[in-house]
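Novice: How does the following fold in three dimensions:
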Amino acid sequence: MKIQFIYPAFERHAQAHPELKEYVPCNEYIGSPSLGIASVAACTPPGHEVAFLDDRIHPVEDHLPEADLYALSFFTAAASRALEIADMLRAKGKKVIAGGIFPTMMSEACAPHFDSVLVGEGEVYWEQVIADAQRGELKPRYEADRPADLSSLPRPAVELYLEAEDDLFSPDDYPLQVSRGCPFKCDSCVLPSCMGKKIRHFPDDTIWETLQVFARAGKRCSLTEDTSFLPIPGVKRRFRELLRRIKEFRQDEPVELSYVGTSMPLLLNMEEEIFDEVRQAGVGRFYLVGGFDPVTRGAFGPGDKAMVEKAEQCVKLCQDHGVEPYVSFLVGNEQDDEGTFDRMLEFSQGMKLNIAEFAIATPYPGSPMWKKMTEQDRIFDHTWKHYNDANVVFKPANMSPERLQEGYLYLWREFYRTRQHLQQADSKLATVQF
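Specialist: Next up is the predicted model:
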């Protein structure tokens with residue numbers, strides 16, 4: 001049986017707002033596919049063929065391969081396109097299944113469009129799905145009754161992604177997953193609901209083998225999980241061991257991390273020597289996710305002086321240790337008002353930030369923000385493709401939706417107005433997610 005995995009397209013910031021291409025003198029970071037498909041594909045029993053299609057690059061309508069089963073994995077921003085693809089495939093008599101974050105959180109919305117909806121971590125029941133599909137007995141719904149045992153999983157089949165590269169799309173970095181689960185309850189995040197509140201670690205060998213596969217293909221890896229620096233026994237230790245191993249092998253193996261995602265409070269509470277270990281491992285950038293923590297919320301919402309000083313301290317720590325701070329500013333939190341936009345710009349100018357990105361708070365289905373906004377009847381847009389951090393889909397607390405949308409565009413325009421020199425910068429230094 002042939003299983004055709006499809007990664008549905010979604011609108012990036014510059015697609016939703018083409019004027020951003022006029023403002024931002026940087027390369028667009030389209031980003032590699034998430035690891036969900038590669039992780040599940042690796043669990044496919046022998047005797048079956050698996051293939052991968054990235055709908056963002058090669059639209060399904062133009063490149064529909066024949067297969068016995070079509071498997072779509074998607075998050076909220078890609079849901080509109082995923083439902084459209086599923087309807088098209090089923091109209092042709094194809095069997096189509098859905099998995100990923102959105103189907104897990106919104107299974108009832110997906111059910112009318114798919115032959116089967118997969119809820120939870122797919123590795124738990126993937127072999128059963130394949131067996132049922134082969135017999136023509138797909139169930140309408142499969143739900144994991146437990147988290148996946150990461151110690152028993154094969155490494156992700158990232159070769160699917162590498163073999164699909166062509167002249168149109170060949171990213172220079174891919175995500176590396178070192179754990180699942182998170183104890184936090186960030187407003188817009190559904191990961192604790194999808195993957196549990198307990199942090200589960202992948203085996204060191206799985207992480208290292210994945211790193212090496214990417215490295216030998218000339219790719220860097222990015223660590224987007226900010227849980228690596230949590231002050232939880234074992235979590236930070238394991239991450240430091242990974243950094244040391246990368247440092248030791250860098251001379252013989254072309255292993256490289258493009259950036260590490262984290263937050264300002266975690267960096268402020270990080271031991272000084274870890275900054276050196278990060279740099280020695282070749283990491284040149286921290287991706288500082290803002291808007292979910294007390295430091296950035298306080299600094300840019302009400303303009304709390306103490307929080308502004310903490311934010312400044314964090315950026316200076318990065319700069320002093322030679323790791324560039326790439327700040328992701330979030331607007332639209334409950335504390336934000338019309339002064340938030342200028343506070344963010346003043347901070348960026350004062351700290352001499354080279355690059356940054358700006359996003360709109362979004363109530364993703366299943367997140368704490370979704371539940372709160374739904375109870376308060378503040379969500380007015382349920383068009384899933386608008387849930388991409390670039391559109392206002394709810395009523396903000398201290399300004400109109402129109403003002404928040406205008407402020408978001410204003411931030412992109414004014415920040416990059418004085419950074420046109422990035423047009424001549426190295427692509428690794430002038431690539432922004434927009």
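
Novice: so where do the strands sit in the stretch 251-400 of the chain?
Specialist: Assigned by DSSP state E, counting those that start in this stretch, the stretch 251-400 of the chain shows strands spanning 257-262, 285-289, 324-331, 356-360.

Novice: in its sheet, what does the longest one sit against?
Specialist: Using DSSP bridges, the strands paired with strand 324-331 are strand 285-289 (parallel), strand 356-360 (parallel).

Novice: mind putting those strands in a markdown table, mean neighbour count and mean pLDDT included?
Specialist: To be clear about C-beta, it is placed using only N, CA and C from the backbone, and glycine gets the same treatment. As requested, the strands paired with strand 324-331 are arranged in a markdown table below (neighbours: other CB atoms under 10 Å; pLDDT from 0 to 100):
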| stretch | mean neighbour count | mean pLDDT |
| --- | --- | --- |
| strand 285-289 | 24 | 93 |
| strand 356-360 | 23 | 96 |
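
Novice: a markdown table for the ones you listed, including distance to Asp304?
Specialist: Shown next, in a markdown table, are these (distance: least, CB to CB, whole Å):
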| stretch | distance to Asp304 |
| --- | --- |
| strand 285-289 | 18 |
| strand 356-360 | 20 |
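
Novice: nearest to Cys26, of these?
Specialist: Nearest of the strands paired with strand 324-331 to Cys26, taken as CB to CB: strand 356-360 at 9.7 Å.

Novice: Show residues contacting that closest one.
Specialist: Contact with strand 356-360 is made by 291, 326-332, 344, 348, 389-392, 404-405, 408, 411-412, 415, 432-434, as judged by CB atoms under 8 Å, 6 or more residues apart in numbering.

Novice: how about 7 Å then?
Specialist: Contact partners of strand 356-360, identified using CB atoms under 7 Å, 6 or more residues apart in numbering, comprise 326-332, 348, 389-392, 404, 408, 411-412, 415, 432-434.

Novice: if we can go back for a sec, ok, which of the strands paired with strand 324-331 comes nearest Thr210?
Specialist: Ranking the strands paired with strand 324-331 by their distance to Thr210 (criterion: CB to CB) puts strand 285-289 first, at 19.4 Å.

Novice: Measure how the closest one sits relative to strand 257-262, angle-wise.
Specialist: For strand 285-289 against strand 257-262, the angle by axes from the mean of the first three to the mean of the last three CA atoms, to 10 degrees is 30 degrees.

Novice: List of residues touching strand 285-289?
Specialist: With CB under 7 Å, 6+ apart, strand 285-289 has contacts from 224, 226, 258-264, 267, 318, 323-328.

Novice: Please pick the buried ones from those residues.
Specialist: 226, 258-264, 267, 318, 323-328 (16 or more other CB atoms under 10 Å).

Novice: From those, pick the one nearest Pro33.
Specialist: For the buried ones among the contacts of strand 285-289, the nearest to Pro33 is Ser258 (16.0 Å; CB to CB).

Novice: close enough to count as contact, that closest one and Asp173?
Specialist: Yes. Contact criterion CB atoms under 7 Å: Ser258 and Asp173 qualify, at 4.3 Å.

Novice: dump the residue contacts of Thr340.
Specialist: Applying CB under 7 Å, 6+ apart, we find Thr340 in contact with 300-301, 331.
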